[in-house]
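In: just coords:
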């Protein structure tokens, strides 16, 4: 056990991998059990009702616009669990975490491609200090965004992150005291395939080898290691379409542009920002809330519809939350689509376009038609997440004693904060 700390956030880790002597225990995630919300809870020790990251997306009421995967650290409110040691001189690195740009850290790396005006993309990463990514690129080759998300996403993207993390920990010129890194490799196969099936289990075995290599490198470099899963992916077979239902009820409006239906959020009375198994519904006039609740409660696959007076019970009573919050039943997930026929889908629906789509779209993991496009077929999705409860528990493990009772990821964050304060006192 070292006095320095490596935290590895792992997408969809819900099995004991017995990695380099680290044994894993189950814990609860937080609602919604999605990447941005859970990582925000870990870095602050707070619930979404306090840190404000209520999903992977945010909805700007003044702009009437949903924005997914925005990277500003200012989106996450609250004191960071490493702030005390950092103020006392401990060097902090945060690698490939969401909402990390501008974070209170000495080292940052995050994908930051440049989208060219006439199509195409320049693959690049943002880094602080600026020479950090060029150094890693020289050592490991370029980070390939196509392996990180999209139909070509696979173990290569996460493997690059693992190798980059190991390189940073070994390098005396870079090595931080506290390092947080993110490994996404399990996310793709468990959404594409049955997360309880053979392909998912093969992916777990492959991932375990990469994780073992990274933890061994960290331990050799004198780091204590904590590994935690942000959520558990469950098998799904069907998608709920809240925006389609809201449009049919006259609550959501669209505009026809060359036969394609684009959302008209400005004149819509209600709009659902969907994210896996949780949806935030933004209602322009509160008098429409009863109708919105009635429309959505009747949908097959909906488990619960929460009006404003119930948000506190799920720790989502924050101004960023929708007026109505909807959760999916087990085996279901929420698709963002509002059109009745594929020909009515907006142009971006057939592309990897994580910033323009007003909701998370796992169909981007599959090729579609015509060639080069992504799928519109929601029935291809076999795994999803967002729910919490006994059947949806990620795991955590450490090679040191946290000396605390850990029921959920917020407890885990507070235990790590205490460990850091003990080890980095003045």
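Out: Sure thing, it's come through. Please read all numbers here as calculations on a predicted model, not as lab measurements.
In: starting at the chain centroid, how far to the host helix or strand of residue 272?
Out: Per DSSP states H and E: residue 272 is located in strand 270-275. Distance of strand 270-275 from the chain centroid (Cα atoms, centre = their mean, to the nearest Å) equals 17 Å.
In: which elements pack onto the helix or strand just after it?
Out: The element immediately downstream of strand 270-275 (helix or strand, assigned by DSSP H and E) is strand 278-283. Under the contact definition 3 or more Cβ pairs under 8 Å, 6 or more residues apart in numbering; DSSP states H and E, strand 278-283 sits against helix 242-248, strand 270-275, helix 289-297, strand 324-328. Using the backbone N, CA and C atoms, a C-beta is placed for each residue, glycine as well.
In: make it 6 Å
Out: strand 270-275, helix 289-297, strand 324-328 (3 or more Cβ pairs under 6 Å, 6 or more residues apart in numbering; DSSP states H and E).
In: what's the angle from the strand holding residue 272 to strand 324-328?
Out: With axes from the mean of the first three to the mean of the last three Cα atoms, to 10 degrees as the basis, strand 270-275 and strand 324-328 are set at 40 degrees to each other.
In: what angle do strand 278-283 and strand 270-275 make with each other?
Out: Going by the same axes, to 10 degrees, strand 270-275 makes 160 degrees with strand 278-283.
In: buried ones in stretch 195-203, by neighbour count?
Out: Neighbour counts over stretch 195-203 (16 or more other Cβ atoms under 10 Å) mark 195, 200, 203 as buried.
In: and after the helix or strand where the second one lies, which helix or strand comes next?
Out: Meaning residue 200. If you go by DSSP H and E, residue 200 is part of helix 198-220. The helix or strand immediately downstream of helix 198-220 is strand 223-229, counting by DSSP H and E.
In: what strands flank the helix or strand that that next one is followed by, and is each parallel or antiparallel?
Out: Sequence-wise, the next helix or strand downstream of strand 223-229 (DSSP H and E) is strand 234-235. Neighbouring strands of strand 234-235 in its sheet, by DSSP bridges, are strand 383-384 (antiparallel).
In: state the mean pLDDT of the strand it pairs with.
Out: In this model, strand 383-384 has an average pLDDT of 98.
In: try stretch 60-69
Out: 97.
In: over to stretch 394-401?
Out: For stretch 394-401, the per-residue pLDDT averages 96.
In: per-residue pLDDT, residue 426?
Out: The predicted local confidence for residue 426 is 56.
In: swap in residue 296?
Out: The model's pLDDT for residue 296 equals 98.
In: was I right to think it contacts residue 325?
Out: No - counting by Cβ atoms under 6 Å, residue 296 does not reach residue 325; the two are 10.1 Å apart.
In: and the chain, what are its domains?
Out: The chain is divided into the following domains under automatic domain parsing: 4-233+388-423, 238-381.
In: leaving out chain neighbours, which residue sits closest to residue 315?
Out: Spatial nearest neighbour of residue 315, excluding adjacent residues (Cβ to Cβ, 6 or more residues apart in numbering): residue 47 at 3.9 Å.
In: ok, that neighbour - how many residues close by?
Out: As a burial measure, residue 47 scores 21 neighbours (other Cβ atoms under 10 Å).
In: beta partners of residue 324?
Out: Bridge pairing for residue 324 - DSSP bridges - gives residue 281.
In: gap between it and residue 297?
Out: 10 Å (Cβ to Cβ, to the nearest Å).
In: same deal with residue 45?
Out: Taking Cβ to Cβ, one finds residue 45 at 34 Å from residue 297.
In: tell me which of residue 324 and residue 297 has more neighbours.
Out: Between residue 324 and residue 297, counting by other Cβ under 10 Å, residue 324 is the more crowded of the two (27 against 12).
In: I figured the more buried one was touching residue 292, is that so?
Out: Yes - in terms of Cβ under 6 Å, residue 324 counts as a neighbour of residue 292; the distance is 5.3 Å.
In: now the common contact residues for the two.
Out: residue 281 (Cβ atoms under 6 Å, 6 or more residues apart in numbering).
In: what's the neighbour count on the closest residue to residue 251 other than its chain neighbours?
Out: Closest residue to residue 251 apart from its sequence neighbours, by Cβ to Cβ, 6+ apart: residue 270 at 4.1 Å. Other residues within reach of residue 270 by the criterion other Cβ under 10 Å amount to 28.
In: residue contacts, residue 270?
Out: So residue 270 contacts 246, 251, 281, 283, 292 (Cβ under 6 Å, 6+ apart).
In: how about those in JSON lines, adding distance to residue 381 and neighbour count?
Out: Shown next, in JSON lines, are those (distance: Cβ to Cβ, whole Å; neighbours: other Cβ atoms under 10 Å):
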{"residue": "246", "distance to residue 381": "21", "neighbour count": "24"}
{"residue": "251", "distance to residue 381": "26", "neighbour count": "22"}
{"residue": "281", "distance to residue 381": "21", "neighbour count": "29"}
{"residue": "283", "distance to residue 381": "27", "neighbour count": "22"}
{"residue": "292", "distance to residue 381": "25", "neighbour count": "28"}
